[in-house]
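1. Below is the structure, and that's it, no one-letter string:
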């Protein structure tokens with residue numbers, strides 16, 4: 001009997017031990033993983049989805065200043081591959097300030113307006129405006145001309161006429177440069193200004209086929225250079241090979257008259273260009289900072305007087321210095 005009691009007691013103890021070790025379900029239905037109050041708490045952050053905007057509570061403010069973002073770094077949110085470094089486009093070296101970098105800069109006071117205007121007789125060599133600038137009758141067709149370029153297509157004022165013709169000549173100058181590039185010609189300033197002046201005087205002579213640039217290339221092939229090449233090309237530009245005749249009724253349709261007129265305009269352009277360069281050089285000299293020379297100390301000034309024999313006293317009361325040369 002005693003033995004049975006002991007076995008029953010041992011069985012009850014074993015059952016109690018098994019129940020104590022088994023997991024217990026919580027009220028919410030989740031299992032208890034044995035986390036104790038003495039363990040270090042773990043905080044799990046919930047990340048916002050990509051489509052949702054962060055709430056104000058999700059933003060952590062920091063007192064440390066943020067570093068500025070480099071403009072060379074570009075972020076593409078649609079790429080999905082993180083930040084990419086953008087390659088900056090190469091920048092060309094700026095042109096030197098020669099005063100002739102832009103022939104049309106300055107409008108009515110531009111190099112084009114002054115050189116072509118002097119060839120037209122509307123501007124003086126130094127850029128001043130003549131009476132013809134404010135209006136005159138064209139000697140060829142009798143139409144009323146205005147402005148530096150003798151514009152005759154309708155303008156409210158000489159200034160408005162200059163603005164219209166400058167825009168037109170800019171487009172024509174670009175065509176001339178393209179033709180020169182096609183012939184692999186590097187136009188000099190004299191050649192380009194004369195091309196623009198010819199386009200102002202007779203657009204077909206400058207831009208038709210064969211054009212001024214075509215004749216200029218032939219001039220170089222003939223061994224002509226400088227003003228000689230320009231004069232020959234300008235004159236030949238009035239020759240129409242399709243009709244086998246000169247096309248310059250205002251100049252009598254003769255080679256001598258055409259060459260004389262083109263030489264006159266070429267010389268006027270060269271004169272105005274030379275004065276323009278002188279004015280630019282003088283203006284730059286005025287803009288240069290003046291270098292001031294400090295006065296010498298009194299001791300050095302007295303030494304200079306002795307060395308250079310400048311012994312005259314500065315005032316009657318001061319004694320004269322006598323230098324005895326052995």
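-> Arrived safely. Just so you know, these numbers come straight off a predicted model, no measurement behind them. Residues are numbered from 1 along each chain as shown.

2. just the helices in the protein please.
-> Assignment of helices within the chain using DSSP state H yields the ranges 2-21, 111-120, 158-182, 189-201, 203-207, 212-221, 226-236, 255-287, 298-307.

3. residues of the third one that come out buried?
-> Yep, that's helix 158-182 we're talking about. 158, 161-166, 168-169, 172-173, 175-176, 179-180 (16 or more other C-beta atoms under 10 Å). All C-beta atoms are positioned from the backbone trio N, CA, C, and that covers glycine.

4. sorry, back to before: would TSV of the helices of the chain with mean pLDDT and distance to residue 144 be doable?
-> Shown next, in TSV, are the helices of the chain (pLDDT from 0 to 100; distance: least, C-beta to C-beta, whole Å):
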stretch	mean pLDDT	distance to residue 144
helix 2-21	61	117
helix 111-120	98	14
helix 158-182	97	10
helix 189-201	97	17
helix 203-207	96	19
helix 212-221	97	27
helix 226-236	98	26
helix 255-287	95	21
helix 298-307	68	70
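
5. Isn't residue 183 up against residue 218?
-> No - using C-beta atoms under 8 Å, residue 183 makes no contact with residue 218, being 10.0 Å away.

6. can I get the helices of the chain in JSON lines with distance to residue 247?
-> JSON lines is the format used below for the helices of the chain (distance: least, C-beta to C-beta, whole Å):
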{"stretch": "helix 2-21", "distance to residue 247": "118"}
{"stretch": "helix 111-120", "distance to residue 247": "20"}
{"stretch": "helix 158-182", "distance to residue 247": "18"}
{"stretch": "helix 189-201", "distance to residue 247": "13"}
{"stretch": "helix 203-207", "distance to residue 247": "8"}
{"stretch": "helix 212-221", "distance to residue 247": "14"}
{"stretch": "helix 226-236", "distance to residue 247": "11"}
{"stretch": "helix 255-287", "distance to residue 247": "10"}
{"stretch": "helix 298-307", "distance to residue 247": "75"}
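
7. Check the ones you listed for me and report the most buried one.
-> Ranked by mean neighbour count under mean count of other C-beta atoms under 10 Å, these are led by helix 111-120, which reaches a mean of 27.

8. For it, give me every contacting residue.
-> Contacting residues not belonging to helix 111-120 are listed as 99-100, 103-107, 123-125, 127, 129, 132-133, 148-150, 162, 166, 169, 193, 196-197, 200-201, 264-265, 268-269, 271-273, 276 [C-beta atoms under 8 Å, 6 or more residues apart in numbering].

9. Just give me the neighbour total for residue 136.
-> 16 (other C-beta atoms under 10 Å).

10. Can you get me a residue count around the nearest residue to it once chain neighbours are set aside?
-> Counting by C-beta to C-beta, 6 or more residues apart in numbering, residue 145 is the residue found nearest to residue 136 once chain neighbours are left out, at 5.4 Å. Neighbours of residue 145 under the rule other C-beta under 10 Å: 22.

11. wait, isn't residue 145 in contact with residue 155?
-> No - counting by C-beta under 8 Å, residue 145 stays clear of residue 155, with 9.8 Å between them.

12. hang on, the earlier thing: so which of the helices of the chain gets nearest residue 141?
-> helix 189-201 (13.0 Å; C-beta to C-beta).
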